[in-house]
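Student: Next one to model:
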Amino acid sequence: MKILDPTNEARATGLVLAPRLASLEGKTVAIITNAKEGTKGYFTHLDRMLREDLGAADVVWREKSNYSAPMDAHIVQELTNWHAVFTGVGD
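Tutor: Numbering: from 1, shown residues only. The predicted structure is shown next:
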């Protein structure tokens, strides 16, 4: 029997994680969807939770033009406008 370990052994250097937000209250949060069918219900529920339960001031939605490609350049340019971003895939 051969067991394969899919983890990457390379270690990123020089990267610093952004500080965590203490709260999402009053913040602008983005949802970036890959537009697959399974994302709509999940992100709609997340949108409601962000607004009603966590007090987000605004939740903006963006949709990738191609689910299997990197994020579109125009979306990347908007990243600095948001305090937090959620993204995911669904089928």
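
Student: low-confidence ranges in the protein?
Tutor: Within the chain, no range satisfies pLDDT under 70.

Student: for it, what spans make up the helices?
Tutor: Here the chain has its helices, by DSSP state H, at 37-48, 73-78.

Student: Between those helices, which one is closest to V60.
Tutor: helix 73-78 (8.2 Å; C-beta to C-beta). No exception for glycine: its C-beta is placed from N, CA and C like everyone else's.

Student: rewinding a little: with respect to burial, which of the helices of the chain scores highest?
Tutor: Per residue and on average, the most neighbours among the helices of the chain fall to helix 37-48, with a mean of 14 (mean count of other C-beta atoms under 10 Å).

Student: CA atoms only for it, dumped as CSV, please.
Tutor: Taking Å, rounded to 0.1, in the frame of the first residue of the first chain, the C-alpha atoms of helix 37-48 are listed here in CSV:
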residue,chain,number,x,y,z
GLU,A,37,-25.5,26.9,-8.5
GLY,A,38,-24.5,25.7,-5.0
THR,A,39,-23.1,29.1,-4.0
LYS,A,40,-26.3,31.1,-4.2
GLY,A,41,-28.2,29.6,-1.2
TYR,A,42,-25.1,29.5,1.0
PHE,A,43,-24.0,33.1,0.3
THR,A,44,-27.6,34.4,0.5
HIS,A,45,-27.7,32.9,4.0
LEU,A,46,-24.3,34.3,4.8
ASP,A,47,-25.4,37.7,3.6
ARG,A,48,-28.3,37.7,6.0
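
Student: Figure out how far it is from the centre of its chain.
Tutor: Centroid separation between helix 37-48 and its chain, computed with C-alpha atoms, centre = their mean, to the nearest Å, is 12 Å.

Student: residues making contact with that helix?
Tutor: For helix 37-48, contacts defined as C-beta atoms under 8 Å, 6 or more residues apart in numbering pick out 31, 33, 59, 61, 86, 88-91.

Student: Which among the residues you listed count as buried?
Tutor: 31, 33, 59, 86 (16 or more other C-beta atoms under 10 Å).
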